[in-house]
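K.L.:
this one's sequence-less:
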């Protein structure tokens, strides 16, 4: 038999900093943060570049709007409500919205939270319309005015859907009668010592917000603009930030990823049940994009030299990001970037992030 390969030593702080600096140089990033997860903990962090170009040097404490990595935070929020008995992910959405939520082509198939988590609700993606992101408009669309073809709940109807997550966030708020910042904050963020929010202006320390840049260092979102995005304390009022607005540091997000990698536990405290984490991690089938859709994590085999990997990517307003973990070893890496080239690697991950991940997973 082939000899068992010698495990690669864990990446050191110095090596992580070198990987981050190299990725920044190779892909022209304005800023990069990375955080490594090992043994259920955030074991190393590194930063390179500018929080505000030519004015404020980036640190590991600075916070970025992390685009579609937000969807995993909405998934964790759903998990909190599943665990406390507030939410049945397979229940008809109609009871939360006061209308019969149906795709007119399938009047006997209720729309559910599970379908929203898996991008199989068949809601048409109206995320580009601010008016559609209001709860009043979502109610009308759920009642029949906003669907595409395909049968709800079927993987063949899968279509990556930002609007679906806007509706999902509002649905969770209606189920809890509480805004999602408070749902996630009270159950997970505050106990873990994480200063994060679904709206950048709602973090406690707005002095740590980063500006966002398109490739070529073209300013995308100023810090002052982001400070204006704050939570409205009216559950289900709007869904503007549930597809991509979550704001934190890479290290803070890595704490949440470590919790998933450890079956809902972080530093000895159980935040989600192991059963709920297994629900979020369940691979449902392969999508046209090559990964297996979970809720809403993604799953691949033989990725970055690992047998199995859970992950999610994010991109918006010049941000490119990756969260990932190996469920067999429990280690992982989170990478935040802004201003970098948006080319992707063979896994569909933004290459500026994938290069750092490759250095970590080896």
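P.N.:
Happy to help now that I have it. Predicted model, so just to flag it, every value in this text is computed and none were measured.
K.L.:
quick one: the strands in this protein, in order.
P.N.:
Taking DSSP state E as the criterion, the chain carries its strands at 31-38, 41-52, 56-57, 64-65, 212-214, 218-221, 247-248, 265-266, 269-270, 292-293, 298-303, 306-316, 319-325, 332-338.
K.L.:
out of those strands, the one nearest residue 12 is which?
P.N.:
Using CB to CB as the measure, strand 41-52 is the one of the strands of the chain that comes nearest residue 12, at 7.4 Å. Backbone N, C-alpha and C define where each C-beta goes, glycine included.
K.L.:
would TSV of the strands of the chain with mean pLDDT, distance to residue 181 and mean neighbour count be doable?
P.N.:
Output for the strands of the chain, formatted as TSV (pLDDT from 0 to 100; distance: least, CB to CB, whole Å; neighbours: other CB atoms under 10 Å):
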stretch	mean pLDDT	distance to residue 181	mean neighbour count
strand 31-38	98	22	28
strand 41-52	97	22	21
strand 56-57	98	26	15
strand 64-65	98	14	30
strand 212-214	98	21	22
strand 218-221	96	20	17
strand 247-248	98	11	28
strand 265-266	97	19	20
strand 269-270	98	20	12
strand 292-293	98	26	20
strand 298-303	98	25	18
strand 306-316	98	19	21
strand 319-325	98	20	27
strand 332-338	98	20	31
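K.L.:
for those strands, give me TSV that also has distance to residue 160.
P.N.:
Below are the strands of the chain laid out as TSV (distance: least, CB to CB, whole Å):
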stretch	distance to residue 160
strand 31-38	25
strand 41-52	29
strand 56-57	34
strand 64-65	19
strand 212-214	21
strand 218-221	22
strand 247-248	22
strand 265-266	29
strand 269-270	31
strand 292-293	9
strand 298-303	10
strand 306-316	11
strand 319-325	16
strand 332-338	20
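K.L.:
out of those, flag the one nearest residue 351.
P.N.:
Across those, closest to residue 351 is strand 319-325 (CB to CB), at 8.9 Å.
K.L.:
which residue ranges of the stretch 101-250 of the chain form helices?
P.N.:
Along the stretch 101-250 of the chain, the stretches classed as helices by DSSP state H, counting those that start in this stretch are 113-117, 135-140, 162-176, 180-184, 190-192, 223-227, 250-261.
K.L.:
make CSV out of these and add mean neighbour count.
P.N.:
Below are these laid out as CSV (neighbours: other CB atoms under 10 Å):
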stretch, mean neighbour count
helix 113-117, 24
helix 135-140, 18
helix 162-176, 25
helix 180-184, 23
helix 190-192, 14
helix 223-227, 17
helix 250-261, 26
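K.L.:
check what pLDDT the residue nearest the centre of the chain gets.
P.N.:
Compute the mean C-alpha point of the chain, and by CA atoms, centre = their mean the closest residue is residue 69, 2.1 Å away. On pLDDT, residue 69 comes in at 98.
K.L.:
what does the one 5 residues further on give?
P.N.:
Confidence at residue 74, expressed as pLDDT, is 98.
K.L.:
just checking, residue 41 touches residue 262?
P.N.:
No - using CB atoms under 8 Å, residue 41 is not in contact with residue 262, being 9.3 Å away.
K.L.:
list the contacts of residue 141.
P.N.:
By CB atoms under 8 Å, 6 or more residues apart in numbering, the contact set of residue 141 is 123-124, 126, 132, 147, 167.
K.L.:
next one: residue 112
P.N.:
Residue 112 touches 89-93, 121, 153, counting by CB under 8 Å, 6+ apart.
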